[in-house]
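*Asks:* model the structure of this input:
(2 chains)
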Amino acid sequence: MSNKQDSKATYIFKKREFGIFVFIVVLLAIFGAIEPRFFRSDNLSAILSSVGILMVVGAGQTLVIVTRNIDLSVGSTLGLSAMVMGMVARSNPEFSTVGLILISMFVGGLCGLLNGLLVSYGKIPSIIATLGTLAIIRGAVFIVSDNVQIDPNDVPQAIIDLSTTSPIGIPWLLIFAFISITLVWYISSQTLLGKRIYAVGSNPEGAISRGLSFNRITILVFVFLGVLAGVGGVLYTARYATINPADVGRGLEFDVISAVVIGGTNIFGGSGTALGTALGCLLIGILSNGLTVVGVSPFWKACATGFLILLAVTVDNVVRRKQEQKFLLAIRNQGAGK
Amino acid sequence: MKNLLKQKGRKKMPSYLVGPTVILILAMVYGSLGSEYFLDPTSIVFNTGRYIEIGLLALALTFVIINGDIDLSVASMLAASAGVLAKLFAAGVPILWCSLAAVVTGLVLGLINGLIVIKLGLPSLVVTLATLALYRGITQVMLGDSVVADYPESFIGFDQRLIIGGTPGLPAPLALFFVAALIFYFILHRSNYGLLNIMSGSNPSSSKFSGVSVDRVRLTAFAISGLVSGLCAVMITSRLGSTISNVGLGLELLAITVVVLGGTDIFGGRGAISGTIVALFAIMAVRESLVIQDVNGQVQDAAIGILLILTVLIPRIREYTVDKRNRQKRFNEAQSKTVSH
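*Replies:* Reported below is the predicted structural model:
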């Protein structure tokens, strides 16, 4: 009996991602039917590269939200890491590309560590702590850069090339996105650490009483997200080449959280997958690009995103309730059988 | 004896007020060191105009947050209401009716938020994240990239008008804020609804079982938040004299910061209007004292972020040390008992 229940649960769980997938296909079909130019390869690659940064950061945010936390400071973290990297590149033009990427990841990781420490040892609710660091890190971007932006000719060509070239024909930007999604998928489903992260998210008291270090796992997921936001900083620099202290990564937190929520991650923690987040990012990217290509005013984009979030959470909620009902019914039947 | 009674009866300052009050005083001192005109009553009174919208939004958000909900969409509701106001005005409707329509729009949008959260049983964080985008999108669709201006002289410059003349005088927004604060104080701390509000926030299920209509209380809080956003839309339009689609962008984070700084528990069940009021003035003082020092706006926000984290963190550290001391004491007592046995 319990075995059958399990298979049903995983079936519905799979169906959630499948639902987003179907939605994406329908959307593609509609946009393609209205405007065949939508399927031109340069447009498709434009969609993918616009979604790449969102995917990298969203992958990390998924794990943070799974542990019942939220990180509002990702946009500022991305900004600070891109800015520090850009300044290093400006003062030492001969600096190696790998070194620059590592610097950006390191700065991002430090920001993540700050968030993690505040949330775990400081016991500050993550929404407050990261609301504070959102402003603090953005202020740091200004102090570090002295309010001077990094111009495209200060950014090394090797970094800019990351968004267009690569060894195997796919731009590095997408490879980074693919790696981060795969990494999160691997951690969450194939490792003991992943099991622990989900355990802390679905039942913190239980996880602590089983001897899991709540603080260590919280810090870990925040640092991981910070490092990925650092990678996002590199990709931002590659894509836009200009790093403006006020603009870099501004408002990214809302896009990322929207994508994660559309991807089916429960905002109260405990469930969510990397694949769902990837599809959520893709959906947002396709929608915003498609609306433009079809000729709808770009002003509708925010409306569409809002609707999409509402639709996604409503569907999730209905599915979850049905699942619970079935589960309760099964228990009752079992009791009656005895 | 009488004196002693008086001493004992004197209330201590509530702990949630300590942080913002200290910040307020320090910022005042810092600001007056920066410029001798900082404490000039006229400049103080006239610099408040820009913060009153944040203050009003924060007052309304206090209710929502005490309920254990959150409303991220306040700034977008403000924008949508301002958009309705601008559209109607451009169509030739008298400004008074436009303003009324803006307030009603805010109320309706707030009710929509509340109904989605309650009827569909969805987390308010996600729903208002969605309506944050949705309402802002509606505003963008309504206004496009156009600017609506040319409001009548009698409508604009609300923040420059004085209720009580002379120097320093009392500008209209500040007076409005005090009236609103008083009303909210009575609703939260002296009325039935306020009690139900705190109850349903601190323990929703047990409140439900004791006959509190938790859903209605939550819906009312969302409606209040929408109504106040509509009111702020009228104020901000009057202050700026023009309307664009990104009006009030990012105000929600500032308003939430004010509420949290004022000691309201982000998980609900605890909070006070007085905290929100003091926190608003503390943020105002910090910002203005940094403006005098010619500090960049983003760095001002960063300073407020640091203060926000410190006000939450310092009581935790105290709690922790007290807890540790108590544990040590208990341990010592237990030790001495075993020894005596």
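*Asks:* what about residue A:175, how many residues nearby?
*Replies:* Residue A:175 has 15 neighbours, counted by other Cβ atoms under 10 Å in any protein chain shown. No exception for glycine: its C-beta is placed from N, CA and C like everyone else's.
*Asks:* secondary structure element holding it?
*Replies:* Using DSSP states H and E, residue A:175 sits within helix A:172-190.
*Asks:* and that helix, what's buried?
*Replies:* A:172-174, A:176-177, A:180-181, A:184-185, A:187-188 (16 or more other Cβ atoms under 10 Å in any protein chain shown).
*Asks:* and chain B, which of the residues you listed reach it?
*Replies:* Checked against chain B using Cβ under 8 Å from any Cβ of the partner chain, those give no members in range.
*Asks:* the helix holding residue A:175 packs against which elements?
*Replies:* In terms of contacts (3 or more Cβ pairs under 8 Å, 6 or more residues apart in numbering or on different chains; DSSP states H and E), helix A:172-190 is packed against helix A:41-66, helix A:192-202, helix A:214-240, helix A:274-294.
*Asks:* for these, which one ends up most surrounded?
*Replies:* Mean neighbours per residue, mean count of other Cβ atoms under 10 Å in any protein chain shown, is largest over these for helix A:214-240, with a mean of 25.
*Asks:* where in the stretch 51-200 of chain B is pLDDT low?
*Replies:* By pLDDT under 70, the low-scoring segments of the stretch 51-200 of chain B are B:167-168.
*Asks:* hmm, 90 instead?
*Replies:* B:120-121, B:144-146, B:149-150, B:152-175 (pLDDT under 90).
*Asks:* do the stretch 151-300 of chain A as well
*Replies:* A:152-173, A:189, A:201-214, A:241, A:246-251, A:253-255, A:264-273, A:287-300.
*Asks:* for it, which residue gets nearest to chain B?
*Replies:* residue A:299 (3.8 Å; Cβ to the nearest Cβ).
*Asks:* also the stretch 101-250 of chain A?
*Replies:* residue A:139 (2.2 Å).
*Asks:* what's the closest non-adjacent residue to that residue?
*Replies:* residue B:302 (2.2 Å; Cβ to Cβ, 6 or more residues apart in numbering or on different chains).
*Asks:* residue A:175 now?
*Replies:* Nearest to residue A:175 is residue A:166, by Cβ to Cβ, 6+ apart, at 6.2 Å.
*Asks:* swap in residue A:172?
*Replies:* Per Cβ to Cβ, 6+ apart, closest to residue A:172 is residue A:162, 4.1 Å.
*Asks:* quick one: residues contacting that neighbour.
*Replies:* A:171-173, A:176, A:234-235, A:238 (Cβ atoms under 8 Å, 6 or more residues apart in numbering or on different chains).
*Asks:* in the stretch 51-200 of chain B, which spans are helices?
*Replies:* B:52-66, B:74-90, B:95-119, B:124-143, B:172-190, B:192-202 (DSSP state H, counting those that start in this stretch).
*Asks:* relative to chain A, which of those is closest?
*Replies:* helix B:124-143 (2.8 Å).
*Asks:* now for the closest one, which elements pack on it?
*Replies:* helix A:252-262, helix A:300-337, helix B:74-90, helix B:95-119.
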